[in-house]
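In: mind looking at a prediction? Sequence and model below.
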Amino acid sequence: MKTIDVDSLEVKNNAAKGRFEVQLDDQVGVLQYEKEGDTYIYTHTSVPTEYGGQGIAQKLAKAALDAAQAEGAKIVPICPFVQSYVKKHPEYQPMVTELK
């Protein structure tokens, strides 16, 4: 396992690739999304195995949700990790909507 200072990681919204990402040495942790109008559809979160268990996925989820909140956007958390994160953080629950 590779230890990393999660607090120092910078999450970037790579809109061209439809993902929030964080650089982990020569690898990348990502939270994939699709955007339809003013709705973010969070589809998948992935962190390289050797970096697991350090809170990187939580950091990605928080950054993605904060970005949507700042835009006044709605969210559709298809990704099980994001679903779980939203359940634990009620401040994001009013943003949840259904796919039309």
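Out: Right, received. Where do you want to start? Quantities reported herein were computed from a predicted structural model and do not represent experimental measurements.

In: pull the longest helix from this structure.
Out: Under DSSP state H, the helix in the chain containing the largest number of residues is helix 56-71.

In: that helix packs against which elements?
Out: Packing partners of helix 56-71 (3 or more C-beta pairs under 8 Å, 6 or more residues apart in numbering; DSSP states H and E): strand 12-14, strand 19-24, strand 27-36, strand 39-46, strand 74-77, helix 80-88. All C-beta atoms are positioned from the backbone trio N, CA, C, and that covers glycine.

In: which residues touch the one residue sitting closest to the centre of the chain?
Out: In the chain, the centroid-proximal residue (C-alpha atoms, centre = their mean) is residue 61; its distance is 3.1 Å. Listed by C-beta atoms under 8 Å, 6 or more residues apart in numbering, the contact partners of residue 61 are 31, 42, 45, 81-82, 85.

In: can you do 10 Å?
Out: Residues in contact with residue 61 (C-beta atoms under 10 Å, 6 or more residues apart in numbering) are 11, 20, 31, 42, 45, 77, 79, 81-86, 88-89, 92.

In: related to what we said a few turns ago, which of the residues in the longest helix of the chain are buried?
Out: For helix 56-71, burial by neighbour count (16 or more other C-beta atoms under 10 Å) applies to 56-65, 68.
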